[in-house]
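Novice: using only what follows, build the 3D model:
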Amino acid sequence: MFVEIYGRLSCPYCRNAKALAEKMKAELADFDFEFIDMIEKGISKEDLEPRVGKPVATVPQIFLDNQHMGGFSDFAPVVKEKFGIEL
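Specialist: Residues are numbered from 1 along each chain as shown. A predicted model of the protein is given here:
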């Protein structure tokens with residue numbers, strides 16, 4: 001399983017998503033992730049819209065195995081339910 005997190009380090013939800021993914025990586029053998037710092041990479045929310053398939057109003061935007069999941073409030077409950085991992 002591979003997770004991509006598009007976010008900003010100034011965003012608390014983005015930092016939480018990254019921390020949760022780091023915890024998952026430590027606990028799950030078949031898991032990896034990439035945190036893409038949108039400011040560092042020059043990516044805007046509008047740049048993500050074609051991949052997300054709708055207007056993007058917030059960050060983080062999280063993709064699980066290349067499928068859009070949503071933000072941290074969508075990601076955290078799925079991780080807790082499937083793997084029993086939470087912050």
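Novice: quick check: closest non-adjacent residue to Thr58.
Specialist: Nearest non-adjacent residue to Thr58, counting by CB to CB, 6 or more residues apart in numbering: Gly71, 5.8 Å away. Where C-beta positions appear, they are placed from N, C-alpha and C, glycine not excepted.
Novice: that neighbour reaches Phe63, doesn't it?
Specialist: No. The criterion here is CB atoms under 8 Å, and Gly71 misses it with Phe63 at 11.4 Å.
Novice: phi and psi next, for the residue nearest to Thr58.
Specialist: phi -100, psi -170 (degrees, to the nearest 10).
Novice: report the contact partners of it.
Specialist: 13, 17, 58-62 (CB atoms under 8 Å, 6 or more residues apart in numbering).
Novice: top of those by number of neighbours, please.
Specialist: When neighbours are counted as other CB atoms under 10 Å, the busiest of the contacts of Gly71 turns out to be Ala17, with 30 neighbours.
Novice: having no further points to raise, I will conclude here.
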